[in-house]
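Trainee: everything below, folded, please.
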Amino acid sequence: MPEGSLVTDLTEEQRERVTDVVRAWVDDTDERVAQVLVDQYLVEFDRARVARAGSTDPNTPGSYLRIDGPRLWIEFSNVGRFGNGDNHRHSVYRDKQADYLNR
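Mentor: As a prediction, this is how the structure comes out:
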């Protein structure tokens, strides 16, 4: 997987889409901390990279997206269909400084 592009090298529209993805994952956290986290991640966009593979449609098997910043890690992968015909998705969101008991 290539290391991706710096978020700040993207167009304004692309940066907004990255921000939307960040909010989609982070807004699942407690509302008292979600905006604080989003603000921190946005400040670090100059050191964050975004990479994708496959389709830009998350419903397409093989689509993959990763956002990797100093603190932020979001990864999404549609790994495809299994025996029942349903798409199977994997996703992770983590804060590298505030998870795993800061280890």
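Trainee: any idea which residue is closest to the centre of the protein?
Mentor: The residue lying closest to the centre of the chain (C-alpha atoms, centre = their mean) is residue 74, at 3.2 Å.
Trainee: quick one: it is in a strand?
Mentor: Yes. Assessed with DSSP: H, G, I helix; E, B strand; the rest coil, residue 74 lies in a strand.
Trainee: longest single helix anywhere in this protein?
Mentor: If you go by DSSP state H, the chain has its longest helix at helix 12-26.
Trainee: could you pull out the buried residues of it?
Mentor: Judged by neighbour count (16 or more other C-beta atoms under 10 Å), helix 12-26 contains these buried residues: 15, 18, 21, 22, 23, 25, 26. The way it works is simple: take the backbone N, C-alpha and C, and place the C-beta from them, glycine included.
Trainee: cool, and stretch 23-42?
Mentor: 23, 25, 26, 37, 38, 40, 41, 42.
Trainee: and the residues you listed as TSV, adding pLDDT?
Mentor: As requested, the buried residues of stretch 23-42 are exported to TSV (pLDDT from 0 to 100):
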residue	pLDDT
23	95
25	93
26	94
37	93
38	94
40	95
41	96
42	96
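Trainee: and these as JSON lines, adding distance to residue 70?
Mentor: Below are the buried residues of stretch 23-42 laid out as JSON lines (distance: C-beta to C-beta, whole Å):
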{"residue": "23", "distance to residue 70": "18"}
{"residue": "25", "distance to residue 70": "16"}
{"residue": "26", "distance to residue 70": "15"}
{"residue": "37", "distance to residue 70": "13"}
{"residue": "38", "distance to residue 70": "14"}
{"residue": "40", "distance to residue 70": "9"}
{"residue": "41", "distance to residue 70": "9"}
{"residue": "42", "distance to residue 70": "12"}
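Trainee: measure stretch 3-21 end to end?
Mentor: 18 Å (C-alpha to C-alpha, to the nearest Å).
Trainee: identify the residues contacting that stretch?
Mentor: Outside stretch 3-21, the residues that touch it by C-beta atoms under 8 Å, 6 or more residues apart in numbering are 38, 42, 45-52, 65-69, 74.
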